[in-house]
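Peer 1: just a sequence and a predicted model for now, questions to come.
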Amino acid sequence: MPRSARRTSLFATALAITVTTVTACAGGDTATQSGKAAATEGPAPKGVTLTLWHNTADSPALLNLYKAYEKKSGNTIKLVDIPADSFPSTVQTKWATGARPDILEWHGNQTDALSLNVAANMLDLSKLSFVRKEADLAKVSGSVGGKTYAATIGALSVSGIFYNKQVFAQAGLEPPENYDDLAADCKTLKAKAPDVAPLFEAGGSQWPPQILSAFNYLAESNDNQAYDASILDGKAKLSDADGPFVAALTAYDKLRRAGCFNSDRTTAKWEDQMKAVLEGKAAMVAQNSDSIGLLNADANGDTAEVDASVGFVGVSATKPVATYAPSPLGTYYVPSTGDSQKERAAVDFIEFATGAGYADYIKEAKIIPTLSGATTPELQGLLQDVKKAYDQGATLSFNSEIPGFGNFGPESSKLLAAQESPQQVAEKMQAYYRQAAAAAKQ
């Protein structure tokens with residue numbers, strides 16, 4: 001299978017070479033200093049309290065990394081929990097009020113970076129040593145205008161299909177490879193396992209329906225960012241009736257009309273869908289690899305139980321292709337708050353997380369490193385499935401470089417609820433894209 005040159009280069013550096021892959025209102029006014037470089041000279045201050053807006057899905061290893069930094073530095077990290085099931089909307093709402101943390105855990109893809117105007121609001125981290133160790137990943141994650149504004153230490157977020165092995169075995173099914181397989185498996189499961197939801201959706205959290213309604217389907221179309229380029233160059237529109245985006249939404253809507261989803265699809269949450277596939281109440285869930293931590297937690301830390309129960313494969317329109325993006329879990333920005341002491345301490349945290357504290361974090365997290373120089377630990381079986389799907393030719397998630405896709409969560413949820421048609425959703429997303437692209441040029 002052909003592999004994206006850019007993806008291959010990233011993985012060779014960030015994964016395959018075994019050393020890869022809020023508030024209570026902290027920190028000051030909205031920054032106006034575009035591209036302000038992070039200060040690294042002189043000793044970092046001690047006794048500083050840093051507010052960190054963090055995703056509640058952070059792994060124990062990340063939480064322990066924060067504690068390790070406190071012990072090493074003499075500074076305090078005040079965690080402000082951002083609920084995982086509403087993470088994007090909650091951060092953006094808080095951000096819009098002018099509230100700022102000292103450290104922000106946030107998505108690395110360009111769409112979400114632009115949504116917070118990182119060039120004006122974050123410190124430029126391009127000269128920090130981790131950028132060299134991230135290699136091509138630094139050009140993708142937290143990167144705008146050729147500058148790197150984020151450090152990514154969490155594993156890459158790979159999206160595909162989680163499936164319950166026992167349910168599939170009992171129904172005599174093999175894991176799906178494409179959307180025709182999903183439809184056929186749905187039909188078989190409805191006949192042979194009527195008490196099991198063939199596909200479990202979580203419209204109550206808004207963002208999960210994006211994965212099956214578009215991201216997975218379009219993986220094969222975005223090899224070497226081809227589909228992204230066609231949209232950005234104006235050669236294609238998201239609203240093209242015969243285009244890949246409308247085809248993705250249409251395929252998703254057919255699954256809905258065929259009764260493939262759970263009865264509470266519009267109200268169920270992300271946590272519900274992962275628990276359902278683990279317990280065999282759902283045969284399949286379209287999600288990303290960040291969710292493995294939740295599966296492990298649902299199994300009370302028994303990773304052997306998770307590995308025995310759940311598998312992972314990549315799927316796209318016609319081929320077994322996964323899609324990936326920098327994960328928000330373990331991707332950190334330093335907002336420009338105007339408080340030079342806190343900014344310097346926040347940069348010190350970045351240097352620790354990507355330096356002295358990194359090896360211990362990777363060892364505890366048992367994930368594929370994103371920085372060179374670290375040894376890949378023994379991986380959980382389900383994560384080995386994810387790595388295999390990535391190795392087979394995963395492509396960068398098509399929304400990563402298209403502005404305006406912060407609105408897709410609510411729109412895909414409307415499609416799930418039959419409140420809008422595929423074409424209506426596509427028309428709206430094209431309008432959002434044009435608005436965001438125009439604003440980015442101002």
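Peer 2: Cool, the structure landed.
Peer 1: so what are the domain limits for this protein?
Peer 2: Using automatic domain parsing, the domain parsing of the chain gives 19-156+326-375, 157-324+398-441.
Peer 1: tell me which of these sits nearest to V386.
Peer 2: domain 157-324+398-441 (4.6 Å; Cβ to Cβ). Bear in mind the C-beta positions are built from the backbone N, C-alpha and C, glycine included.
Peer 1: endpoints of that closest one, how far apart?
Peer 2: The first and last residues of domain 157-324+398-441 sit 29 Å apart, counting by Cα to Cα, to the nearest Å.
Peer 1: what about the strands in the stretch 251-400 of the chain?
Peer 2: 282-288, 310-313, 323-325, 331-333, 395-396 (DSSP state E, counting those that start in this stretch).
Peer 1: of the ones you listed, which is nearest V158?
Peer 2: Nearest of these to V158, taken as Cβ to Cβ: strand 323-325 at 4.6 Å.
Peer 1: so what strands line up beside the closest one?
Peer 2: Sheet pairing for strand 323-325, assigned by DSSP bridges, gives strand 157-164 (antiparallel), strand 395-396 (parallel).
Peer 1: weakest of these in terms of mean pLDDT?
Peer 2: The weakest mean pLDDT among the strands paired with strand 323-325 belongs to strand 395-396, with a mean of 92.
Peer 1: show me how far that strand is from its chain's centre.
Peer 2: 12 Å (Cα atoms, centre = their mean, to the nearest Å).
Peer 1: which other residues reach the very next helix or strand once past it?
Peer 2: Later in the chain than strand 395-396, the nearest helix or strand by DSSP states H and E is helix 408-416. With Cβ atoms under 8 Å, 6 or more residues apart in numbering as the test, helix 408-416 has contacts from 88-89, 201, 203, 206-207, 209-210, 213-214, 249, 252-253, 256, 261, 265-266, 399, 420-422, 425, 428-429, 432.
Peer 1: now restrict those to buried residues only.
Peer 2: Among the contacts of helix 408-416, those buried by neighbour count (16 or more other Cβ atoms under 10 Å) are 88-89, 201, 203, 206-207, 209-210, 213-214, 249, 252-253, 256, 261, 265-266, 399, 420, 422, 425, 428-429, 432.
Peer 1: so of those residues, which ones are in strands?
Peer 2: With DSSP state E as the criterion, strands contain none of these.
Peer 1: so which of those residues sit within helices?
Peer 2: 88-89, 209-210, 249, 252-253, 256, 422, 425, 428-429, 432 (DSSP state H).
Peer 1: of those residues, which is the nearest to A193?
Peer 2: For these, the nearest to A193 is R256 (18.9 Å; Cβ to Cβ).
Peer 1: mind listing what the closest one touches?
Peer 2: Shown in contact with R256 (Cβ under 8 Å, 6+ apart): 265, 415-416, 418.
Peer 1: so for stretch 115-134, what's the average pLDDT?
Peer 2: For stretch 115-134, the mean pLDDT works out to 95.
Peer 1: that one: which residues count as buried?
Peer 2: Buried residues in stretch 115-134, defined by neighbour count with 16+ other Cβ under 10 Å: 115-119, 121-125, 128, 130-131, 133-134.
Peer 1: what does stretch 381-396 give?
Peer 2: 382-383, 385-387, 389-390, 393-396.
Peer 1: likewise for stretch 88-104?
Peer 2: Quick answer for stretch 88-104 (16+ other Cβ under 10 Å): 88-91, 94-95, 99-104.
Peer 1: and it, how far apart are its ends?
Peer 2: End-to-end distance (Cα to Cα), stretch 88-104: 12 Å.
Peer 1: then stretch 144-153?
Peer 2: Termini of stretch 144-153 sit 18 Å apart (Cα to Cα).
Peer 1: contacts for it?
Peer 2: Residues outside stretch 144-153 that contact it (Cβ under 8 Å, 6+ apart): 35, 106, 108, 110, 113-114, 118-119, 122-126, 128, 130-131, 134, 137-139, 141-143, 326-327, 330-333, 350, 353-354, 358, 361, 370-371.
Peer 1: could I get the buried residue list for that stretch?
Peer 2: For stretch 144-153, using 16+ other Cβ under 10 Å, the buried residues are 144, 147-153.
Peer 1: thank you, goodbye.
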